[in-house]
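In: sharing a model prediction with you, sequence too.
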Amino acid sequence: MEGFPYRRTGPVRGPSNDENTPSRHGGRGTARRRRPYPRRRRAGRAGFSFVPLRATPLILLALLFSCLLVSLPSLKGVSKPPVTLSVLARGPGGEVPAPRAVEGEPEVAARAAVLLDPLTGEFLYRKNDGERLPMASTTKIMTALLVLERCSLDEKVIVGEEATGVGESSGWLTAGETLTVEQLLHALLLQSGNDAAMALAIHTGGSLEAFVDMMNKRAEELGAWDTHFANPHGLDQEGHYTTAHDLALIAAEAMRLEPFRRVVSTRKYELPWPGHPFPRVYYNKNKLLGLYPYANGIKTGYTLGAGRCLVASASRDGMDLISVVLNCDDYWNQSERLLEYGFRNFVRLHFHLDSLGLPLEVGKCPTGRATAGGHDIAVTVRRDRVNEYLLATGYYKSWIPYPARRGEEVGRLQVGPEGEGRDLSLELEKDVPAPGFLRRLWSCVGHGLGAAWRVVKFLLPGI
């Protein structure tokens, strides 16, 4: 067709001098240089590029992010419901006590009286137990307690004239003689020597006033808030008083010391007496030691103002009791009557919590293990109410978060009827510190991968 431009279908590779080669404008002659078209990437069937190597890191990052996202709840952990718990009590011999009928409370012919189980702190009998009264030589229980807490038995004590000049009940001490603390304690608690009380007080406190101040501070520490001491021996003096309740607490604390228990249960003691051909012989003034077969202490007292007083202790069938009678003429029989009432009508129940070893989990990613328990405790109950106290019920946590500290409360137990029983604590037995960051991260990744795999198996069963 004349005048229609001729167009080359193939690419122009370079200039040509061939006269027969048509020009871009349809004429013949030298061909003009053409700009080559840019190369295009080879496309797939759908026209999109396929680059698997570049997508792999993104897929891995997405998978890791998903794992961490799934495992985030486990970092804090999911709290679990508490576990219910019951603990059966045992008697002193390991038996399960059976309930039985009890007697009525005795009529005690004393101005004030109490009966105490020193282990459990339960008062089994009370009569005017909060009335402030003088207590005569039962004061010496506190004197001996302070001396034993601050002095060794073999310490040397020089008896001064201030001690020998007290008068009334005496251990026949001589001014200037040197005796040991142990020797003076026998003169104090068996013979009820006022001179021994002064000698020990001045030696221990440095002065009489300082020692009396120590007596009052120690009474406050023991919860004897209705007690005030004015001297270490118990002679009637203004501002010198106690209550049956407080005196029982002081006696219970003193009986925890083995040297005190040994001295107050001694019937006879001999002390060398310089200048005399024979020793000083002290007989325990507590005649209950011979009258009542279970008696093992503690101290008598008498002044005109206080009347006859007795703090007595006894042990029977694995149970210890302390009785106090103040201003009681028949203090031997009344004390025995009180002690017998306690042994016949009450029983001590023991809850062994220290060996429970309750298992529980601590934290997540990773999960730690711990055990919990409590302190072995005992309660004293009337024999007709044994069934109400025989079973301690409560709960403990099966899971707690990091960090876990020894002594942390993880449960509670209730002993006896609500409102009159005891509430006990269950605690961790050791520390469980939180794991390090890398360990937790590795555990969380593993937790997340496991969760992801479970999802895949759910979506694609049979793989």
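Out: Looks like it arrived, so ask away.
In: near the residue lying closest to residue 172 once chain neighbours are set aside, how many other residues are there?
Out: Spatial nearest neighbour of residue 172, excluding adjacent residues (C-beta to C-beta, 6 or more residues apart in numbering): residue 280 at 5.4 Å. From N, CA and C alone the C-beta is placed, and that goes for glycine too. Residue 280 has 18 neighbours, counted by other C-beta atoms under 10 Å.
In: and residue 280, what are its bridge partners?
Out: Beta bridges link residue 280 to residue 271, judged by DSSP bridges.
In: list the contacts for residue 93?
Out: 317-318 (C-beta atoms under 8 Å, 6 or more residues apart in numbering).
In: quick thing: my sequence starts at 13, can you match it?
Out: Right, with 13 as the first residue, what we last looked at is residue 105.
In: pLDDT at it, what is it?
Out: pLDDT, residue 105: 86.
In: pass me the low-pLDDT residue ranges in this protein, would you?
Out: 13-91, 377-378, 448-453, 455-461, 463-464, 468, 475 (pLDDT under 70).
In: returning to that earlier point: residue contacts, the residue nearest to residue 184?
Out: Applying C-beta under 8 Å, 6+ apart, we find residue 292 in contact with 183-184, 199, 282-285.
In: could you do residue 151 as well?
Out: By C-beta under 8 Å, 6+ apart, the neighbours of residue 151 are 209, 241, 243-246, 252, 313.
In: from those, which is closest to residue 467?
Out: Comparing the contacts of residue 151 against residue 467 with C-beta to C-beta picks out residue 241 as the nearest, at 76.9 Å.
In: just give the nearest non-adjacent residue to that closest one, would you?
Out: Nearest to residue 241 is residue 227, by C-beta to C-beta, 6+ apart, at 4.2 Å.
In: what about residue 187, neighbour count?
Out: 14.
In: any idea which element the residue nearest to residue 241 lies in?
Out: helix 220-233 (DSSP states H and E).
In: I'd guessed residue 121 sits against residue 342; true?
Out: Yes - with contact defined as C-beta atoms under 8 Å, residue 121 reaches residue 342; the gap is 5.8 Å.
In: quick one: contacts for residue 246?
Out: By C-beta under 8 Å, 6+ apart, the neighbours of residue 246 are 146-152, 206, 209, 252, 313, 315, 318.
In: excluding chain neighbours, what is closest to residue 317?
Out: Here the residue nearest residue 317, using C-beta to C-beta, 6+ apart, is residue 248, at 3.9 Å.
In: neighbours of the one you found, how many?
Out: Residue 248: 13 neighbours (other C-beta under 10 Å).
In: and it, how close does it get to residue 206?
Out: 12 Å (C-beta to C-beta, to the nearest Å).
In: over to residue 381?
Out: 62 Å.
In: if you count what's nearby, which of the two comes out ahead?
Out: residue 206 (28 against 9).
In: pretty sure that one sits against residue 199.
Out: No - shown here, residue 206 and residue 199 do not form a contact pair, counting by C-beta under 8 Å, at 9.9 Å.
In: and the gap between residue 426 and residue 357?
Out: Counting by C-beta to C-beta - residue 426 and residue 357 are separated by 24 Å.
In: just the strands from the stretch 63-212 of the chain, written as ranges.
Out: Applying DSSP state E, counting those that start in this stretch to the stretch 63-212 of the chain gives strands spanning 95-100, 124-129, 134-139, 168-170, 190-192.
In: next one: the stretch 363-475 of the chain
Out: Going by DSSP E, counting those that start in this stretch, the stretch 363-475 of the chain shows strands at 370-374, 380-385, 389-394, 403-408, 411-412, 421-427, 434-440.
In: let's have these in JSON lines, adding distance to residue 136.
Out: Formatted as JSON lines, these follow (distance: least, C-beta to C-beta, whole Å):
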{"stretch": "strand 370-374", "distance to residue 136": "32"}
{"stretch": "strand 380-385", "distance to residue 136": "29"}
{"stretch": "strand 389-394", "distance to residue 136": "7"}
{"stretch": "strand 403-408", "distance to residue 136": "21"}
{"stretch": "strand 411-412", "distance to residue 136": "39"}
{"stretch": "strand 421-427", "distance to residue 136": "17"}
{"stretch": "strand 434-440", "distance to residue 136": "16"}
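In: select, out of those strands, the one closest to residue 189.
Out: Distance to residue 189, taken as C-beta to C-beta, is lowest for strand 389-394 among the strands of the stretch 363-475 of the chain, at 45.4 Å.
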